[in-house]
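1. got a predicted structure plus its sequence, pasted below:
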Amino acid sequence: MTGTPRSGELRAFVRALTHQDRRSLAWVTLVQLASTASQGLGLLLLVPLLEVAGVGGGRATGGLADVGRWLLGTVGVSPTLRSLLVAYVVIVALASSLNAYASIGLVRYRLDFVDGLRQRLYEAVAVADWKHLAALRRSEILSTITVNVGWVAMGVLALLQLGVATILVAVQLAVAVRISPWVTALAAGTGAALIVSMAPLISRSRRLGRELVDDNHGVLAAVTGFLEGLKLAKAHGLEATHVTTFSRAIRRSRASQVAFATAQSAATAVQLVVTAAVLALVVDIAVERLHLKLASLLVIAFIFSRVVPQITTAQRNIHQVAQSLPAFGDLLDVIESCEAAAEPAPVGADGAGRRGLTRGIRLEGVSFSYGAAAGEPAVLHDVTLEVPAHRTTALVGASGAGKTTLADIVVGLVTPTAGRVLVDDQPLTAGDRAAWRAGLGLVPQDPFLFHDTLRANLLWARPDATDEELWEALATAAATDFVGGLAEGLDTVVGDRGTRLSGGERQRVALARALLRRPDLLVLDEATSSLDTANERAIREALARLHGRTTMLVIAHRLSTVSHADTIVVLDHGRVVESGTWADLAARADGRLRALIDAGAVE
């Protein structure tokens, strides 16, 4: 997601912003125009106000005094000093109220836009194909959802403020043109030339924004890597190494931020100095060459005193937009790539939303490669096997043999590069996968538990389950003894990723959670590999109670776990080399399972 600039980022940014909610944006813009018009009326009243106060006006004001008097006359007000002052205060109050209302509207519009982007990103990641998600770095997804969205929010605010400033400057310059077109043209032309001269600095802001986005990715990658490997880092005494890596990432991010702030401050300083010089030149020409009257000069000076801060703010906003464009580009990249990789909408599911399983699963000539288009070697080669319903099928083989990938294909997380999967003799299509997975239960090697209560972790699998059903699932998973022994029972908080439970307890809770789904197929991926003998025996006994009731696909190294399976499938370098019962395969002197047993690859 990093590297080359995304073409058309600004165009895409503006298009996305203006298409968010056109009605709301049009209403806010209308209110802002009304506020700006009110401010213009206030400026129109300044000339007659100065005239009544004794400062010369006349024709030199471009007839604005006449316009001001006409405005007062339309509402039946005599142009006295007091009436002019009251009218001016009323108009300023009206303009301020409208401006405040418009500002609140812009804030709401910005929040709606940013929240909509965040929601779209979250949904895109949620529905993307697992193969695509597996290729993304989790830290980059997290950084995009959190940090990048924050930068985009600042860019949105800057772009909206830029639009408001443009309207304000246009109205104020229109009044100035009425007084003195030449002075206004001179000032406006010089200001435009100044903005154009800032183009290299704006381009640099965009480059710095790119660096800052990349550096933020680096910081979050360092943090997530440390937290995920925290126990291992402490066990190996590598805390200092992680701190050094984090400090390096922080320094890079800080350097990028300082560089951007330096570029922005330098641009602002140069602009203020040049603006002051231009203003002095304009005043000199207005007085010495154009002989502008004092009233007109005062009004123009007042107008430009308001225009200059708007231009300065606009310059900062332009830099902010330029800096936020890389973050927006990355955000769009993730959204569009995930949306392009979205799984098809479920079709053909029954009323319960489940595909169901009554006879069995068959794989025919299945091959798979994570990067087939890039010529990466296949993980599975021409695999053909059957997983009978209500039986236990075990997958064994050395590490890297393709066991987990084969299970992912059976589960429907990935689609075979070649071949097909049949469920009850019907092909499992892309549109069927969601309905198929609705009837599955998965217990991985490292079960994930939320930092919440046991009850909440169990209900995550089936929110409508009753307490009786929770305890029934725990009993089947051989977990009632330890859960019942906890002081708060089901209301015990398990800690982040379940750290307050032992490994065996976490596995049994994960098994109970999977069983709550009443799965047609239960997949256990190395679910007992890290357990001690007692906990492994408890899981094995729980699986024995499920034998014949649930279709099970077990990936395991331990002899005791797979020895009671109805069928054992041995994989070697992505190929099925043999299958049969434990007794038959173990008895083959030259068989692959026998070799794995003798080599200790299967305990």
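-> Yep, it's here. Residues are numbered from 1 along each chain as shown.
2. in the stretch 1-150 of the chain, which spans are helices?
-> Using DSSP state H, counting those that start in this stretch, the helices found in the stretch 1-150 of the chain span residues 9-18, 22-52, 64-74, 81-127, 130-134, 138-143, 149-179.
3. right, so of those helices, which gets closest to Val569?
-> With respect to Val569, and counting by C-beta to C-beta, the nearest of those is helix 130-134 at 22.2 Å. In this view, the C-beta of every residue, glycine as well, is placed from N, C-alpha and C.
4. which strands or helices does the closest one pack on?
-> On a contact count with 3 or more C-beta pairs under 8 Å, 6 or more residues apart in numbering; DSSP states H and E, helix 130-134 meets helix 294-340.
5. the next helix or strand after the helix it packs on: which residues count as buried?
-> Tracing the chain C-terminally past helix 294-340 and defining elements by DSSP states H and E, one meets strand 360-368 next. With burial defined by 16 or more other C-beta atoms under 10 Å, the residues of strand 360-368 counted as buried are Gly360, Ile361, Arg362, Leu363, Glu364, Val366, Ser367, Phe368.
6. partners of strand 360-368, with directions?
-> In the sheet containing strand 360-368, the strands it pairs with under DSSP bridges are strand 380-388 (antiparallel), strand 418-423 (antiparallel).
7. and the last one, how far from the chain's centre?
-> A distance of 34 Å separates the C-alpha centroid of strand 418-423 from that of its chain, computed with C-alpha atoms, centre = their mean, to the nearest Å.
8. and what of stretch 17-27?
-> Centre-to-centre, stretch 17-27 and its host chain are 22 Å apart (C-alpha atoms, centre = their mean).
9. now do that stretch, average pLDDT.
-> Mean pLDDT, stretch 17-27: 73.
10. ends of that stretch, what's the gap?
-> End-to-end distance for stretch 17-27: 15 Å, by C-alpha to C-alpha, to the nearest Å.
11. outside of it itself, list whatever touches it.
-> Under the contact criterion C-beta atoms under 8 Å, 6 or more residues apart in numbering, stretch 17-27 has outside partners Gly105, Arg108, Tyr109, Asp112, Phe113, Gly116, Val156, Leu159, Leu160.
12. swap the cut-off to 6 Å and go again
-> With contact meaning C-beta atoms under 6 Å, 6 or more residues apart in numbering, stretch 17-27 is reached by Tyr109, Phe113.
13. could we number from 26 for the rest of this?
-> Shifting the count to begin at 26 puts that one at stretch 42-52.
14. next structured bit after the helix or strand hosting Ala563?
-> Under the assignment given by DSSP H and E, the secondary-structure element containing Ala563 is helix 558-571. Reading on from helix 558-571 to the C-terminus, the next helix or strand found by DSSP H and E is strand 576-580.
15. got the angle between that next one and helix 558-571?
-> The directions of strand 576-580 and helix 558-571 differ by 150 degrees, with axes from the mean of the first three to the mean of the last three C-alpha atoms, to 10 degrees as the criterion.
16. what packs against strand 576-580?
-> strand 417-421, strand 546-550 (3 or more C-beta pairs under 6 Å, 6 or more residues apart in numbering; DSSP states H and E).
17. winner for burial among the ones you listed?
-> Mean neighbours per residue, mean count of other C-beta atoms under 10 Å, is largest over the helices and strands packed on strand 576-580 for strand 417-421, with a mean of 25.
18. now the element after that strand, going C-ward?
-> Beyond strand 417-421 in the direction of the C-terminus, DSSP H and E gives the next helix or strand as helix 428-436.
19. understood, closing this out.
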